[in-house]
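Visitor: what follows is a predicted structure for the sequence shown.
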Amino acid sequence: MRNSSVVHPSELANRFMATWCIKALERSELFVDWSRRLM
């Protein structure tokens, strides 16, 4: 018997990847902005 409150592993992985991608994009944008200031 499955508990509906338990999040499915694949759904949890998708959320984790989405959050990671957003953070990576923010970091890359900050890095580009920082590198442009150095140039």
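Guide: Great, that's in hand.
Visitor: how many neighbours does Asp33 have?
Guide: By the criterion of other CB atoms under 10 Å, Asp33 has 9 neighbours. C-betas here are computed from N, CA, C, even on glycine.
Visitor: mind showing which ranges of the chain have poor pLDDT?
Guide: Residue ranges of the chain with pLDDT under 70: 1-4.
Visitor: quick one, helices of it?
Guide: For the chain, the helices defined by DSSP state H cover 9-38.
Visitor: spatially central residue for it, please.
Guide: The chain has Trp20 as the residue nearest its centroid, 1.7 Å off, counting by CA atoms, centre = their mean.
Visitor: how far away is that one from Glu11?
Guide: To Glu11, Trp20 is 15 Å away according to CB to CB, to the nearest Å.
Visitor: same check on Ser28?
Guide: For Ser28, the distance to Glu11 - CB to CB - is 26 Å.
Visitor: now do the residue nearest to the centre of the chain against Ser5, distance only.
Guide: From Trp20 to Ser5 the distance is 24 Å (CB to CB).
Visitor: do Met17 as well
Guide: 22 Å.
Visitor: who has more neighbours out of these two?
Guide: Neighbours were counted for Met17 and for Ser5 using other CB under 10 Å; Met17 has more, 10 against 5.
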